[in-house]
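[1] Need a 3D model of the following:
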Amino acid sequence: MSSITVKDRLIGKIASIEDESFLNELEEIILNLRNENQDVLILSDEIRSSIAKSESDIKDGRIMSNDEALQHFKECLKRK
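    Next comes the predicted model:
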């Protein structure tokens, strides 16, 4: 398949997307890919905030193992 065909398909699919949040994230992914050769990672404010919260959780000991997290989610699903 030619790159022009792939580009046309992508453009058509992107044009049909109405979710602005999704489009913003998609744009961010594309910008990150274009900057990949520059070793620069562009992060949204939302992602930066999430990383900062995660770092704070780790620092304050608010962590659990993968097994503990899976068990927690299973228990939450049982309650619903």
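[2] C-alpha only now, for contacts and for neighbours.
    Noted.
[3] Name the residue closest to the centre of the chain, please.
    The centre of the chain sits closest to residue 25, judged by C-alpha atoms, centre = their mean, with a distance of 7.3 Å.
[4] Can you tell me how far it is from residue 10?
    From residue 25 across to residue 10, the span is 15 Å (C-alpha to C-alpha, to the nearest Å).
[5] With residue 19 instead?
    From residue 19 across to residue 10, the span is 16 Å (C-alpha to C-alpha).
[6] Ok, residue 69 next?
    Separation of residue 69 from residue 10 (C-alpha to C-alpha) stands at 36 Å.
[7] Helices along the chain, start to end?
    Using DSSP state H, the helices of the chain run over 3-15, 20-34, 45-59, 66-79.
[8] Format those as CSV; extra columns: mean pLDDT.
    Below are these laid out as CSV (pLDDT from 0 to 100):
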stretch, mean pLDDT
helix 3-15, 91
helix 20-34, 86
helix 45-59, 94
helix 66-79, 92
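[9] mind giving me the domain ranges of this structure?
    Following automatic domain parsing, the chain resolves into domains at 1-42, 43-80.
[10] Show me which of residue 19 and residue 10 is the more surrounded one.
    Using other C-alpha atoms under 10 Å, the more surrounded residue of residue 19 and residue 10 is residue 10, with 11 against 8.
[11] Leaving out sequence neighbours, find the closest residue to residue 42.
    residue 32 (5.9 Å; C-alpha to C-alpha, 6 or more residues apart in numbering).
[12] Distance check, that neighbour against residue 53.
    Residue 32 is 22 Å from residue 53, by C-alpha to C-alpha.
[13] okay, those two: which has more neighbours?
    In terms of neighbours (other C-alpha under 10 Å), residue 32 is the more surrounded of residue 32 and residue 53; the figures are 17 against 12.
[14] Let me know the distance separating that one from residue 73.
    Residue 32 is 32 Å from residue 73, by C-alpha to C-alpha.
[15] next one: residue 8
    41 Å.
[16] Could you do residue 67 as well?
    10 Å.
[17] Many thanks, we can stop here.
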